[in-house]
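*Asks:* what's the 3D shape of this:
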Amino acid sequence: MNYKRVERLYASSSCRSAAARKKVPVGERAPLLRPTKANPVWSMDVVFDRTAEGRAIKCLVIVDDATHEAVAIDVERAISGHGVVRVLDRLAHSRGLPKVIRTDNGKEFCGKAMVAWALANRVQLRQIQPGKPNQNAYVESFNGRLRDECLNEHPD
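*Replies:* Numbers count the residues shown, from 1 in each chain. Model (predicted):
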């Protein structure tokens, strides 16, 4: 079916076409480099799972790219940009902050709260290209192990 016929059918049935998608701000993109010492580059991601009762949980995972150490794993029912900032502020007091944080393009990491926090703390945010999780390989590898060893331990 060609697009003209589809448009005619939509018009005759008083249907509306899909709304335009909101454009995600494009951050700085750079290749994945292996850091030489601990703490200059962290990677962040969110892992989704469900409890035995069926309620959704989200795990904010922060990994040091040089040592592959889990800097933080914060488990909540919902994680917003403000929640991410709260965890990063807690880490700033206990271990200091990195120069660069690499994330995917999730709403938790692209929001105003996260961008304002990064500017205030002089931390560079780097988003990976959409649909290319291998550009955030260190945290994605950790997420697989976290899922295998912890989240999938007691499937019901």
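*Asks:* where does Lys37 land on pLDDT?
*Replies:* Looking at Lys37, its pLDDT stands at 87.
*Asks:* same deal with Lys23?
*Replies:* Residue-level pLDDT assigned to Lys23 equals 65.
*Asks:* what do you get for Arg34?
*Replies:* 73.
*Asks:* repeat that for Arg102.
*Replies:* At Arg102, the predicted lDDT confidence score is 94.
*Asks:* so which residues make contact with the helix or strand harbouring it?
*Replies:* Assigned by DSSP states H and E, Arg102 belongs to strand 100-103. Residues from elsewhere that reach strand 100-103, judged by Cβ atoms under 8 Å, 6 or more residues apart in numbering: 32, 40-45, 65, 109, 118, 123-128, 135-136, 139. Every C-beta, even on glycine, is put in place using the N, C-alpha and C of the backbone.
*Asks:* redo that, cut-off 10 Å
*Replies:* Outside strand 100-103, the residues within contact range by Cβ atoms under 10 Å, 6 or more residues apart in numbering are 27-28, 30, 32-33, 35, 40-46, 62-63, 65, 84, 88, 109-110, 114, 118, 121, 123-128, 135-139.
*Asks:* what pairs with that strand, parallel or antiparallel?
*Replies:* Using DSSP bridges, strand 100-103 pairs in its sheet with strand 41-50 (parallel), strand 124-127 (parallel).
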